[in-house]
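Enquirer: what would the 3D arrangement of this be:
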Amino acid sequence: MIKMPQYLIFYDIAQPKRLRKIARIAEGYGLRLQKSVFWGALSEADFLRFYDALERTLDPEEDAITTLQLCERCASKMKHMGKKPGHKPDDACIIV
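Expert: Take a look at the predicted model:
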(Lines give C-alpha, C1' and ligand atoms only; values in the text may rest on other atoms or scores of the structure.)
Protein backbone atom coordinates (compact mmCIF):
# COMPACT_ATOMS: atom_id res chain seq x y z
CA MET A 1 0.00 0.00 0.00
CA ILE A 2 1.36 3.43 -0.94
CA LYS A 3 1.30 5.84 1.98
CA MET A 4 0.22 9.34 1.05
CA PRO A 5 1.65 12.35 2.83
CA GLN A 6 -0.31 13.41 5.89
CA TYR A 7 -1.17 17.03 6.58
CA LEU A 8 -2.43 19.15 9.43
CA ILE A 9 -4.46 22.14 8.32
CA PHE A 10 -5.48 24.86 10.74
CA TYR A 11 -6.99 28.27 10.21
CA ASP A 12 -8.31 31.48 11.68
CA ILE A 13 -10.97 33.02 9.42
CA ALA A 14 -12.39 36.47 10.28
CA GLN A 15 -15.76 36.42 8.51
CA PRO A 16 -18.40 33.76 9.39
CA LYS A 17 -19.57 33.16 5.79
CA ARG A 18 -15.98 32.63 4.62
CA LEU A 19 -15.31 30.47 7.69
CA ARG A 20 -18.16 28.12 6.72
CA LYS A 21 -16.91 27.95 3.14
CA ILE A 22 -13.33 27.14 4.24
CA ALA A 23 -14.67 24.48 6.64
CA ARG A 24 -16.71 22.85 3.83
CA ILE A 25 -13.63 22.78 1.60
CA ALA A 26 -11.53 21.22 4.38
CA GLU A 27 -14.21 18.62 5.18
CA GLY A 28 -13.94 17.45 1.59
CA TYR A 29 -10.25 16.67 2.01
CA GLY A 30 -9.71 15.65 5.60
CA LEU A 31 -10.96 14.73 9.01
CA ARG A 32 -11.94 17.46 11.46
CA LEU A 33 -9.94 17.13 14.67
CA GLN A 34 -11.12 20.37 16.22
CA LYS A 35 -13.25 23.29 15.08
CA SER A 36 -10.49 24.81 12.95
CA VAL A 37 -8.06 21.87 12.67
CA PHE A 38 -8.14 19.14 10.02
CA TRP A 39 -5.96 16.11 9.32
CA GLY A 40 -5.78 14.25 6.04
CA ALA A 41 -3.73 11.96 3.84
CA LEU A 42 -3.59 13.55 0.39
CA SER A 43 -1.85 12.80 -2.84
CA GLU A 44 0.20 15.67 -4.25
CA ALA A 45 -2.51 16.40 -6.84
CA ASP A 46 -5.26 16.42 -4.20
CA PHE A 47 -3.21 18.66 -1.93
CA LEU A 48 -2.65 21.15 -4.79
CA ARG A 49 -6.40 21.22 -5.56
CA PHE A 50 -7.17 21.67 -1.87
CA TYR A 51 -4.59 24.44 -1.43
CA ASP A 52 -5.84 26.23 -4.54
CA ALA A 53 -9.44 26.13 -3.28
CA LEU A 54 -8.34 27.54 0.07
CA GLU A 55 -6.25 30.25 -1.56
CA ARG A 56 -9.12 31.35 -3.78
CA THR A 57 -11.43 31.62 -0.75
CA LEU A 58 -9.37 33.30 1.96
CA ASP A 59 -8.91 37.03 2.41
CA PRO A 60 -5.14 37.43 2.94
CA GLU A 61 -5.69 40.71 4.78
CA GLU A 62 -8.00 39.15 7.41
CA ASP A 63 -7.50 35.37 7.42
CA ALA A 64 -4.73 32.89 8.14
CA ILE A 65 -4.45 29.28 6.97
CA THR A 66 -1.51 27.02 7.79
CA THR A 67 -0.82 23.65 6.19
CA LEU A 68 1.82 21.40 7.69
CA GLN A 69 3.03 18.23 6.00
CA LEU A 70 3.93 15.59 8.58
CA CYS A 71 6.87 13.29 7.95
CA GLU A 72 6.05 9.60 8.39
CA ARG A 73 7.99 9.46 11.68
CA CYS A 74 6.17 12.48 13.12
CA ALA A 75 2.75 11.29 11.95
CA SER A 76 3.33 7.91 13.61
CA LYS A 77 4.01 9.66 16.93
CA MET A 78 0.88 11.79 16.93
CA LYS A 79 -1.25 11.19 20.02
CA HIS A 80 -4.88 12.09 20.62
CA MET A 81 -6.84 12.41 23.87
CA GLY A 82 -10.56 12.69 24.40
CA LYS A 83 -13.32 12.32 21.84
CA LYS A 84 -12.13 10.24 18.92
CA PRO A 85 -11.99 12.05 15.57
CA GLY A 86 -13.37 9.08 13.63
CA HIS A 87 -10.49 7.36 11.87
CA LYS A 88 -6.82 7.73 11.07
CA PRO A 89 -5.81 8.69 7.52
CA ASP A 90 -4.24 5.21 7.15
CA ASP A 91 -7.64 3.55 7.70
CA ALA A 92 -9.62 2.52 4.66
CA CYS A 93 -11.38 5.65 3.47
CA ILE A 94 -12.07 7.61 0.35
CA ILE A 95 -11.14 11.27 0.30
CA VAL A 96 -13.01 13.07 -2.45
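
Enquirer: buried residues, the helix or strand of the chain with the lowest mean pLDDT. List them.
Expert: In the chain, the helix or strand scored least confidently by mean pLDDT, DSSP states H and E is helix 72-76, which has a mean of 78. Across helix 72-76, burial judged by 16 or more other CB atoms under 10 Å covers residue 75. Placement of C-beta: from N, CA and C, glycine included.

Enquirer: just the strands in the protein please.
Expert: Secondary structure of the chain (DSSP state E): strands at 6-12, 31-34, 37-41, 64-70.

Enquirer: tell me the most buried of these?
Expert: Comparing these by mean neighbour count (mean count of other CB atoms under 10 Å), strand 37-41 comes out on top with a mean of 22.

Enquirer: so what strands line up beside that strand?
Expert: Applying DSSP bridges to the sheet, strand 37-41 is found paired with strand 6-12 (antiparallel), strand 31-34 (antiparallel).
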